[in-house]
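Colleague: Model the structure of this input:
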Amino acid sequence: KSMKKVLFLSVTKYNLKKDLHLQKKFEGLSMSIKPYILSKGGFCHKKIWGAEFYLLPSFFFWPLAFKLAFKLCLIKRIDTIVAQSPLVEGFVGAILKKLLRKELIVEIHGDWKEGPFLSKKRKFERWQRKFVPFMAKISLKNSDKIRGVAQYLITEAKKIAPDKPCFIFPTFTDLNDFLAEKDIQFNDEILFVGRNDRVKGIKYLIKAFELIKKDLPGFKLVLVGEGLPEGKLPLAEVRNRM
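Modeller: Have a look, this model is predicted:
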């Protein structure tokens, strides 16, 4: 029996240089499906890790991506389209499903309502805020399955598409890096690792830590991430940068 051919639509910017995390992820996927990835990263077509990557530049990405996705669905005989979010990816996936009768899985990795507007300032934001719910509605209602990385995302999706099968499935993490640790010691520290972005809500973490500090006087809040200021913040220590 031939493996199912799956086209992943995303806006992730891939760098296909040696990356053990990506390698393990796609080598694992390729054991049960034939993955095709259409995403950002400059003009590139490369077969690696059991997958085929089709990368396009950010400039005019979606017109080019739609044309290429349509072509791949026909030439490669794609069975399933996986859209990374219920926004443009899901909207394009829904159109392709209608035109070509493909299975559509819509993934939800975060807050699709406010998230796009927290990470950066967007042109025509007022218009985009009206269009975002429309895209999400089209994407989710036309999906065959919905995958969320957390229960609250599934709950929100169910408000739009209550009849669709939903699954909680976290993002890929190589647990071997953690399992290989020896002589583990636990310190009185709360550690945040991530970029300094409004969508990550670091200021709320600091406020929450302030509320519990009196009950846990020995604890420290440590922040590690790209874009964090050097030195110390109120109540938090910036240990180092990624």
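
Colleague: quick check: longest strand of this structure.
Modeller: Longest among the strand segments of the chain by residue count, using DSSP state E, is strand 4-13.

Colleague: Next, the contact list for residue 82, please.
Modeller: Applying Cβ atoms under 8 Å, 6 or more residues apart in numbering to residue 82 gives the contacts 6-9, 93, 105, 107. In this view, the C-beta of every residue, glycine as well, is placed from N, C-alpha and C.

Colleague: Whichever of those residues end up buried, select them in PyMOL.
Modeller: Per 16 or more other Cβ atoms under 10 Å, the buried members of the contacts of residue 82 correspond to this PyMOL selection:
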select buried, resi 6+7+8+9+93+105+107
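
Colleague: for the chain, which spans come out with low pLDDT?
Modeller: Counting by pLDDT under 70, the chain shows low-confidence ranges at 1, 119, 229-242.

Colleague: Helices along that one, start to end?
Modeller: With DSSP state H, the ranges of helices along the chain come out as 20-29, 61-75, 88-100, 115-118, 125-141, 151-160, 176-179, 202-212.

Colleague: Going by neighbour count, which residues of the longest one are buried?
Modeller: So the one you mean is helix 125-141. 132, 135-140.

Colleague: Then the fourth one?
Modeller: Burial within helix 115-118, assessed by neighbour count using 16+ other Cβ under 10 Å, is assigned to 115-117.

Colleague: What are the contacting residues of it?
Modeller: Contacts to helix 115-118, defined as Cβ under 8 Å, 6+ apart, come from residues 87, 122, 125, 128-129, 132, 197-199.

Colleague: And for the third one?
Modeller: Residues from elsewhere that reach helix 88-100 (Cβ under 8 Å, 6+ apart): 9-11, 62, 65-66, 69-70, 73-74, 81-83, 102-104, 106, 135-136, 138-140, 142-143.
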